[in-house]
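In: here are the coordinates; sequence isn't available:
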């Protein structure tokens, strides 16, 4: 996805600009993952969708609910290196628990994908 602005896109803007997100899937495992935010888009019921590219190459779509927006997720810039914390909830679904901006010295080998 080239030339993506640091904003929340509407569904109409995504169609108009031909932004294709068909290769993004929902996260299905718990844990901490490194990657970057590549797109923010509106969703229904006062939610947004985050489109994330993890360092291992996976492309993840994550819904963010209205009550999570300002305090945890809405202020992250496109392209910023981030650590994503996913957790399983009481219904068994995996959700995004928190996001941290990665310090440039923090866990460097995880950031570049080397083990």
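Out: In hand now; what should we look at? Keep in mind the model is a prediction, meaning the values are calculated, not measured. Numbering: from 1, shown residues only.

In: contacts for the longest helix seen in the chain, please.
Out: Longest helix in the chain, counting residues (DSSP state H): helix 11-17. Defining contact as C-beta atoms under 8 Å, 6 or more residues apart in numbering, one finds that helix 11-17 is touched by 9, 19, 21, 41-42. (Glycine included, C-beta is placed from N, CA and C.)

In: which strands and helices lie in contact with the helix or strand just after that helix?
Out: As assigned by DSSP states H and E, the chain's next helix or strand after helix 11-17 is strand 25-26. For strand 25-26, the packing partners by 3 or more C-beta pairs under 8 Å, 6 or more residues apart in numbering; DSSP states H and E come out as strand 59-64.

In: so what touches the strand it packs on?
Out: For strand 59-64, using C-beta under 8 Å, 6+ apart, the contacting residues are 21, 23-27, 35, 43, 47-54, 72-74, 84, 95-96.

In: sheet-wise, list the partners of it with their directions.
Out: The strands beside strand 59-64 in its sheet (DSSP bridges) come out as strand 25-26 (parallel), strand 48-54 (antiparallel).

In: got CSV for these, with mean pLDDT, mean neighbour count and distance to residue 103 too?
Out: Formatted as CSV, the strands paired with strand 59-64 follow (pLDDT from 0 to 100; neighbours: other C-beta atoms under 10 Å; distance: least, C-beta to C-beta, whole Å):
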stretch, mean pLDDT, mean neighbour count, distance to residue 103
strand 25-26, 96, 10, 28
strand 48-54, 92, 20, 18
